[in-house]
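Enquirer: sequence and predicted structure, then a few things I'm wondering about:
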Amino acid sequence: MLKKKTANIVLDTARHSWKKRPSEIRGYQRTYYITSDEDDYLRVDYNLKEKRVRLYVEIEAEGGNAYYAVITNGKITAERSVSTGRNYGFADKFLKRSDVFSTLPNREVLKLINQNYGIQRARSGMQEKKTAEKDKLIKETKERYFKSDFYQAEGGAGAGRGRGFRRIGLRDLVDCMLGLLVSGAVFIYFQYSYIAMGVAAAFFGIIIGFVDMFFRGRSPIFFKVVIFLAAGVVSYIYGYFL
């Protein structure tokens, strides 16, 4: 019984996966075909050299009515009902099955389809997981390092302003003094060069911001960064035109 059940699962998996063979339709090289979970028959014939794709679907719920569309150079050039011969107006037949077409295991063919009917390369489970983890990391970084110091959810706007000012402490004053000393030392070392002092001040402002974020584990005090960046730019411009 177990062997029979396992065999049925294997056959079902094979049935609902894309298979490839040479195309018997004139003007096309090869074809992919698949039977969907709804028992619809989907087929994709393609010619990479001429940049042409033919989408074909037989819909089980409609008694096997068949439709096809031709995409040439990324544009839909034909839509037809095989059963009635009617031209165009069948976009919904392919749109509703775009998720199946999107699993086609050929990037070049998907590129030729050019996202018509909403068909595009399907993300794998691993890709979705990596994207979710990346989004989560970005969100956590923003919340940790760039949260508002002035408008917190708890305590209201006034409490936020008070908290922001309390965070400017002795350590920040020491940072400012250190920045002045470094800039002054560079100014003297490079023979009273305002350009060198400006570069040093700007770099110090950027570095101290990173120190706050990655070594002290807190949001950077942006007034320090802005002050040293602004002073550095002014000093550099003054030295350049002096």
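Expert: Structure's in. What do you need? Numbering: from 1, shown residues only.
Enquirer: residue ranges of the helices in the chain, please?
Expert: Here the chain has its helices, by DSSP state H, at 2-15, 91-95, 98-101, 107-113, 125-145, 156-166, 170-189, 194-214, 222-241.
Enquirer: which strands and helices lie in contact with the fourth one?
Expert: Applying 3 or more CB pairs under 8 Å, 6 or more residues apart in numbering; DSSP states H and E, one finds that helix 107-113 makes contact with strand 41-47, strand 52-59. In this view, the C-beta of every residue, glycine as well, is placed from N, C-alpha and C.
Enquirer: could you point out which of those sits nearest residue 183?
Expert: With CB to CB as the measure, strand 52-59 is the member of the helices and strands packed on helix 107-113 nearest residue 183 (63.4 Å).
Enquirer: just want the angle from the closest one to strand 41-47.
Expert: Between strand 52-59 and strand 41-47, the angle comes out at 170 degrees (axes from the mean of the first three to the mean of the last three CA atoms, to 10 degrees).
Enquirer: name the helices or strands packed onto strand 52-59?
Expert: When contacts are defined as 3+ CB pairs under 8 Å, 6+ apart, strand 52-59 packs onto strand 41-47, strand 65-72, helix 91-95, helix 107-113.
Enquirer: dump the helices and strands packed on helix 107-113 to JSON lines, plus mean neighbour count.
Expert: Below are the helices and strands packed on helix 107-113 laid out as JSON lines (neighbours: other CB atoms under 10 Å):
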{"stretch": "strand 41-47", "mean neighbour count": "21"}
{"stretch": "strand 52-59", "mean neighbour count": "21"}
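Enquirer: okay if I get these as CSV plus mean pLDDT and distance to residue 179?
Expert: Compiled in CSV, the helices and strands packed on helix 107-113 are given as follows (pLDDT from 0 to 100; distance: least, CB to CB, whole Å):
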stretch, mean pLDDT, distance to residue 179
strand 41-47, 97, 63
strand 52-59, 96, 62
